[in-house]
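Novice: based on what follows, work out the 3D shape:
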Amino acid sequence: AHDAPGTEWRRIDTAHFTIVYPREIGEDAKRVADTLEKAYPSVRSTIGTGTVNRTRTTLILHTQYADSNGFATFYMRRMEWYNTPPQLSFGGPSDWYQTLSVHEFRHICQFDSLNTGLVAGLSFALGDLGQAIGIALVPAWYYEGDSVLTETVYSNTGRGRKAAFDAELRALLLDGKRYSYYKAMLGSYSDYDPLESPYLLGYHMTAQIRKERSWRDVERVKYFRSWIPIIPYSWDLASFFRLDDFPSAFYERSMDEITRRSRQQLEGLTLTAGTAVVPVEDDVWTANRNPRYLDDSTIAVVRSSLYDPYEIVTYSDRKKTGIETTYPSERLISAGAGLVVWAEEIPDKRWTMKSSSDIFTADAASKSARRITHGGRFYAPAISADGKRIAAVEFTETNRCSLVILDALSGHELSRSAASPGEFFQTPCFTPDGAKIVCTSLERGKGN
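Specialist: This next block holds a predicted model:
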């Protein structure tokens, strides 16, 4: 078992879904059931259904896992969602369960639509293993890009509407750096390429194909490919025979269009000159994110590279000091009074679907971190200017959100403010004088 014992599971059956959930979130489970049924016809409408007659799709709602995520799988055909919303709403100001309803259910629709032709025969003979043969050789950018495009088209939010989603890509293109289709799809050891993310590459690929062709044409690609599932480059061949072009050609035209629009947006603007304070390391690519001032001469960043997947690094007079960490949640850090503060997911030693999110602090002059909470569910911690208090968002296993103030030394709770039902707090921050806390409030049905 992956879930800790003691959970009282309940279920809701609708026309198309079976929702399995812990008893404590019964009202949220009813809302999820209603959201999925409302999304069902739209999400299904632009994709094939395959040859297998499916009844209900199973959804399992987990509440003891501290990460913000969800997945869908054709193996024991189901979806599993984790209840904690992200602090940085990658899909925009939308309800977390609503975002998952469109994105993850679209994956289920993709699996069903691919289950046709020879793949359907293999599935009939070998079960889920047979379907895996057909699904495995479809590029990841199709799965994720089609889902991102769907969440963008069938909602008022979605990643395709956010400038931050492809900001790094636009910066590279404006700087004259464009990588080949296969390098973008497979990644690189020598260059950092944001298109290695199948979400970003896939969104622009599927959007470009559907601008030039139609949703039905993409279905024809999948149907053609379902008869040649194990031939190398079968997706490319299907694209050529059914769309009259290879995926690489659609990629190049997509990059042309993004470059054109990006240059157009810069017309008439005067760009402010900047000064590089973090040295560039030529021997291996690095990515520095979320810079924060520790003091007037020291900056802390979340750094990732091929050497160290994640590390918090402080730079002072171009000299760096590394702080040990595994993965700061959503790469969010706060800094002040010589301290760096972040939250980190801590997996349970026994149960894979149980974890905590605890707060760590580190002195800028030290390389070791100190954990000040244990077994908590804290996110986006922010340090006060005097270094004595930490503000953080708490989100419990019963889907209750609060803004809490902790002692920065001991981690003891000083005060809390509970969110109203349907409200979620994000990214708190102290004002410079420490008298107030500013945060974003995301309210269901109303936005930010």
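
Novice: can I assume residue 331 sits in a strand?
Specialist: Yes: remark: residue 331 belongs to a strand, assigned using DSSP: H, G, I helix; E, B strand; the rest coil.

Novice: thought residue 352 was touching residue 2?
Specialist: Yes: when contacts are counted by Cβ atoms under 8 Å, residue 352 is listed as touching residue 2 (4.4 Å). Backbone N, C-alpha and C define where each C-beta goes, glycine included.

Novice: so, low pLDDT: which residues of the protein?
Specialist: 1, 49-54, 215, 223, 225-227, 229-230, 281-282, 317-319 (pLDDT under 70).

Novice: and the helices in it?
Specialist: Along the chain, the segments classed as helices by DSSP state H run 26-45, 96-114, 117-126, 128-136, 140-153, 167-174, 181-186, 198-212, 215-225, 234-243, 247-266.

Novice: of the ones you listed, which approaches residue 340 most closely?
Specialist: helix 167-174 (23.7 Å; Cβ to Cβ).

Novice: okay, the angle between that closest one and helix 198-212?
Specialist: Angle of helix 167-174 versus helix 198-212, following axes from the mean of the first three to the mean of the last three Cα atoms, to 10 degrees, is 70 degrees.

Novice: which outside residues touch helix 167-174?
Specialist: The contact list for helix 167-174 (Cβ atoms under 8 Å, 6 or more residues apart in numbering) reads 178, 193-195, 200, 255, 258-259, 262-263, 266.

Novice: what residues are shared contacts of residue 352 and residue 2?
Specialist: By Cβ under 8 Å, 6+ apart, no residue touches both residue 352 and residue 2.

Novice: do you know which of the helices of the chain lies nearest residue 389?
Specialist: Smallest distance to residue 389 across the helices of the chain (Cβ to Cβ): 27.9 Å, for helix 96-114.

Novice: now for that closest one, which elements pack on it?
Specialist: helix 26-45, strand 70-73, strand 78-82, helix 128-136, helix 140-153, helix 215-225 (3 or more Cβ pairs under 8 Å, 6 or more residues apart in numbering; DSSP states H and E).

Novice: mind running it again at 6 Å?
Specialist: Helices and strands touching helix 96-114, by 3 or more Cβ pairs under 6 Å, 6 or more residues apart in numbering; DSSP states H and E, are helix 26-45, strand 70-73, helix 140-153.

Novice: and the ones you listed as JSON lines, adding mean neighbour count and distance to residue 337?
Specialist: Formatted as JSON lines, the helices and strands packed on helix 96-114 follow (neighbours: other Cβ atoms under 10 Å; distance: least, Cβ to Cβ, whole Å):
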{"stretch": "helix 26-45", "mean neighbour count": "16", "distance to residue 337": "39"}
{"stretch": "strand 70-73", "mean neighbour count": "18", "distance to residue 337": "37"}
{"stretch": "helix 140-153", "mean neighbour count": "23", "distance to residue 337": "40"}
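
Novice: dump the ones you listed to JSON lines, plus distance to residue 329.
Specialist: Shown next, in JSON lines, are these (distance: least, Cβ to Cβ, whole Å):
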{"stretch": "helix 26-45", "distance to residue 329": "22"}
{"stretch": "strand 70-73", "distance to residue 329": "16"}
{"stretch": "helix 140-153", "distance to residue 329": "21"}
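
Novice: measure the residue sitting nearest the centre point of the chain to residue 21 for me?
Specialist: Centrality entry for the chain: nearest residue to the mean C-alpha point is residue 90, 6.3 Å, by Cα atoms, centre = their mean. Going from residue 90 to residue 21 by Cβ to Cβ, to the nearest Å gives 24 Å.

Novice: cool, and residue 12?
Specialist: Distance, residue 12 to residue 21, by Cβ to Cβ: 8 Å.

Novice: out of these two, which sits in the busier spot?
Specialist: Remark: of residue 12 and residue 21, residue 21 carries more neighbours, 25 against 16, as counted by other Cβ atoms under 10 Å.

Novice: run through the residues that contact the more buried one.
Specialist: By Cβ atoms under 6 Å, 6 or more residues apart in numbering, residue 21 lies in contact with 10, 29, 61.

Novice: what would the residues you listed look like in JSON lines with distance to residue 217?
Specialist: JSON lines is the format used below for these (distance: Cβ to Cβ, whole Å):
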{"residue": "10", "distance to residue 217": "43"}
{"residue": "29", "distance to residue 217": "38"}
{"residue": "61", "distance to residue 217": "36"}
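
Novice: which outside residues touch stretch 9-18?
Specialist: With Cβ under 6 Å, 6+ apart as the criterion, stretch 9-18 contacts 19-21, 23, 29, 33, 36-37, 40, 56-59.

Novice: most widely separated two among the residues you listed?
Specialist: Largest separation among those by Cβ to Cβ: 23 and 40, giving 25.4 Å.

Novice: ok now stretch 257-271, how far from the chain's centre?
Specialist: Distance, stretch centre to chain centre, for stretch 257-271: 27 Å (Cα atoms, centre = their mean, to the nearest Å).

Novice: tell me how far the residue lying farthest from the centre of the chain lies from residue 110.
Specialist: Most distant from the centre of the chain: residue 125, at 35.4 Å, with distances by Cα atoms, centre = their mean. Distance, residue 125 to residue 110, using Cβ to Cβ: 22 Å.

Novice: please apply the same query to residue 102.
Specialist: Taken as Cβ to Cβ, the span from residue 102 to residue 110 is 13 Å.

Novice: tell me the contacts of residue 130?
Specialist: Residues near residue 130 by Cβ under 6 Å, 6+ apart: 122-123.

Novice: next one: residue 364
Specialist: The contact partners of residue 364, taken as Cβ under 6 Å, 6+ apart, are 294, 314, 338.

Novice: one more time with 8 Å, if that's ok
Specialist: By Cβ under 8 Å, 6+ apart, residue 364 lies in contact with 294, 298, 300, 314, 316, 321, 335, 338-340.

Novice: in strands only, show me those residues.
Specialist: If you go by DSSP state E, the contacts of residue 364 have 294, 298, 300, 314, 316, 321, 335, 339-340 in strands.
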